[in-house]
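A.B. asks: just need the structure, nothing else, for what follows:
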Amino acid sequence: QVQLVESGGGLVQAGGSLRLSCAASGRTFSSRAMGWFRQVPGKEREFVAAISWSGGSTYYADSVKGRFSISRDNAKNTVYLQMNSLKPEDTADYYCAAAALGYGLKGRVSEYDYWGQGTQVTVSS
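C.D. replies: Numbers count the residues shown, from 1 in each chain. Next comes the predicted model:
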């Protein structure tokens, strides 16, 4: 069992930055790939970024490549999403997720077993 709690969302102007954090509990956190997803009301949840259990591999959606950076600190059971050069179209609820063991880097929602409650990010133009 893994429990996830996101924080760091808020309101920011276009071009600004935010850093999301995801605090995890559970003994298997450091063995799992972790991901960030986002969702706008009325639309499907979409993949943003993923990181392997060791932090050695990362994977990004094309829409955020070069602007967002995912990282993790296994000693602190925490995953981060640094978001720079934010655009109004980045406005969404952002969710942290823990992948099934051995999965997760392809960004498929179905490969993720545990989800946080989400944190809202609003980018004003």
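
A.B. asks: so what's the residue nearest the centre of the chain bridging to?
C.D. replies: Among the residues of the chain, the one closest to the centroid is Trp36, at 2.0 Å (CA atoms, centre = their mean). Beta-bridge pairing of Trp36 under DSSP bridges involves Ala49, Cys96.

A.B. asks: measure it to Gly102 for me?
C.D. replies: Noted for Trp36: a distance of 19 Å to Gly102, by CB to CB, to the nearest Å. Where C-beta positions appear, they are placed from N, C-alpha and C, glycine not excepted.

A.B. asks: residues contacting the residue of the chain positioned farthest from its centre?
C.D. replies: Of all residues in the chain, Ser125 has its C-alpha farthest from the mean position, at 22.8 Å, by CA atoms, centre = their mean. Listed by CB atoms under 8 Å, 6 or more residues apart in numbering, the contact set of Ser125 reads 14, 88.

A.B. asks: if we can go back for a sec, quick check: the residue nearest to the centre of the chain touching Cys96?
C.D. replies: Yes. Trp36 is within contact range of Cys96, at 6.0 Å (criterion: CB atoms under 8 Å).

A.B. asks: now do the shared contacts for these two.
C.D. replies: By CB under 8 Å, 6+ apart, the residues touching both Trp36 and Cys96 are 20, 22, 79.

A.B. asks: which of those has the largest number of neighbours?
C.D. replies: Counting by other CB atoms under 10 Å, Val79 has the largest number of neighbours within these, with 30 neighbours.

A.B. asks: bridging residues for that one?
C.D. replies: Cys22, Arg72.
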